[in-house]
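S.K.: okay, sequence plus prediction incoming.
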Amino acid sequence: MLQGKKAFIFGVLNDRSLGWHIADQLHKHGCEMGFSCLPGERFERRVARATESFRPRFLTPCDVTRDEDIAAAFQVAAEQFGTFDILVHSIAFAPRETFEKPFLETTREAWRTALDVSAYSLVALSRAALPLMNPGGSILTLTYHAAEKYVPDYNMMAVAKAALECSVRYLATELGRKEKRIRVNALSAGAVKTVAATGTGEIDRMIEHYRARAPLAWGDDASSEHVGKAGLYLLSDLASGVTGEVHYVDGGYNVMGW
Ligand code: NAP
C-alpha cells in the first residue's frame, strides 16, 4: 500500500512507543522511514536498537524545542530522502510537577514547556516539512481524550492536547488549500502503558478504567497495534478525503456516557 513512499517519524523511544507501532504498520506496507531522537548517545543507541528492524534510511537527533535542531534534522531528511510523503509527530512532554500538583498551581514556565514541546512542535515540524513533502502527503499527530474532558491529574498535558487539536484544524485548512494538498490529522489514542504515559503517574488506574468501560477490549498488548493500524489508515491514500480530524482509537471508550 505504501510502496515507494517515505516517512519521517518523530517520537519513537522504544518498541512500546505509539510512534513505533505506527512505524511498524508503515514498514509492513512497504514505506521507507527515517527517525529522529533526542540528542545524546544514550537516546540514539536506544532508538537505533528499537528501529533496527525497520532498516531506516537515517536516524537524526532533534530536540523539538530548538529551531536549529529542527533545521538540521530536515536537512538530513532532504539529503537522504530528497522529498517525502509522511510526517509523524508522536511527541509530548510536561514537567512532572504538573501531574502532581493541583492545576491551579501551574507555573508560567511549566505551561510554556508543555505547550512548546507538545503542541507548538507540530507547527514547527509541519513548516519545516512542507517544502520537502510530495503532493498529497499526510501529517499525523497523537492526542488524548483529556483535550475534551476532565481527566484526573492530566492538567497541563490536557491543555497542551487541546492546543494541539486546534492546531490540527488550522494546519489542515492552510495546508489543504495549498497546491500540495497536504492532509493533517490527529489520532486520539486510548491509554497504553508507554514511558510518557507512565510519567503521568496514573497509567495503571487509567488502563483499569478502560478495561472496565470500553465496549471493545482495551489495555492489552493489541491496543498499541490498533493505534498503529489507525495511523496507517490516516497516513495512507485510504484516508485521501480526510483532514483536520481527531480520530479516536480507544476501543470506543470515549462514546460512553456513564
Ligand atoms: P513515548 O514512547 O514515551 O514517546 C514520547 C516521545 O516524545 C519520546 O520519543 C520522547 O523522547 C519524545 N520527546 C519528548 N520531549 C521531546 C523533545 N523536546 N524533543 C523531541 N522529542 C521529545 O510515549 P507515547 O505514549 O508513545 O507518546 C507518544 C504520543 O502519544 C504523545 O503525544 C502522547 O501524548 C500520545 N498519547 C499517548 C497515550 C498513551 O496512553 N500512551 C494516549 C494518547 C496519546 P524521549 O523519551 O527520548 O524524551
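M.R.: Alright, I've got the coordinates.

S.K.: drop to CA atoms for contacts and neighbour counts, all remaining ones
M.R.: Fine.

S.K.: how far away from the center of its chain is the longest strand seen in the chain?
M.R.: Longest strand of the chain, by residue count under DSSP state E: strand 133-143. The chain centroid and the centroid of strand 133-143 are separated by 11 Å, computed with CA atoms, centre = their mean, to the nearest Å.

S.K.: got the buried residues for it?
M.R.: For strand 133-143, burial by neighbour count (16 or more other CA atoms under 10 Å) applies to 133-134, 136-143.

S.K.: check contacts around the spatially most central residue of the chain.
M.R.: Nearest residue to the geometric centre of the chain (CA atoms, centre = their mean): residue 90, 2.1 Å. Residues near residue 90 by CA atoms under 8 Å, 6 or more residues apart in numbering: 9-12, 18-19, 141-142.

S.K.: so what's it closest to, chain neighbours aside?
M.R.: Spatial nearest neighbour of residue 90, excluding adjacent residues (CA to CA, 6 or more residues apart in numbering): residue 11 at 4.6 Å.

S.K.: per-residue pLDDT of the one you found, please?
M.R.: Note for residue 11: predicted pLDDT of 98.

S.K.: do you know how far it is from the ligand?
M.R.: Computed as CA to the nearest ligand atom, to the nearest Å, the residue 11 to the ligand distance reads 4 Å.

S.K.: does that residue really touch residue 87, like I thought?
M.R.: No - Residue 11 is beyond contact range of residue 87, at 11.0 Å (criterion: CA atoms under 8 Å).

S.K.: give me the more crowded residue out of the two.
M.R.: Remark: of residue 11 and residue 87, residue 87 carries more neighbours, 26 against 20, as counted by other CA atoms under 10 Å.

S.K.: how about the strand or helix carrying that one, does it reach the ligand?
M.R.: Assessed by DSSP states H and E, residue 87 sits inside strand 84-89. No - using CA under 6 Å from any ligand atom, strand 84-89 never reaches the ligand; the gap is at least 7.4 Å.

S.K.: between strand 133-143 and that strand, find me the angle.
M.R.: Between the axes of strand 84-89 and strand 133-143, defined by axes from the mean of the first three to the mean of the last three CA atoms, to 10 degrees, the angle is 20 degrees.

S.K.: what does strand 84-89 rub up against?
M.R.: Strand 84-89 has contacts (CA under 8 Å, 6+ apart) with 5-11, 19, 122, 126, 129, 132-142, 235.

S.K.: cutoff 7 Å now
M.R.: Applying CA atoms under 7 Å, 6 or more residues apart in numbering, the set of residues contacting strand 84-89 from outside is 5-11, 122, 132-134, 137-142, 235.

S.K.: in strands, which of the contacts of residue 90 appear?
M.R.: Short answer: those in strands (DSSP E) are 9-10, 141-142.

S.K.: quick revisit: and the two most separated of the buried residues of strand 133-143?
M.R.: Maximum pairwise distance among the buried residues of strand 133-143 (CA to CA): 24.8 Å, between 134 and 143.
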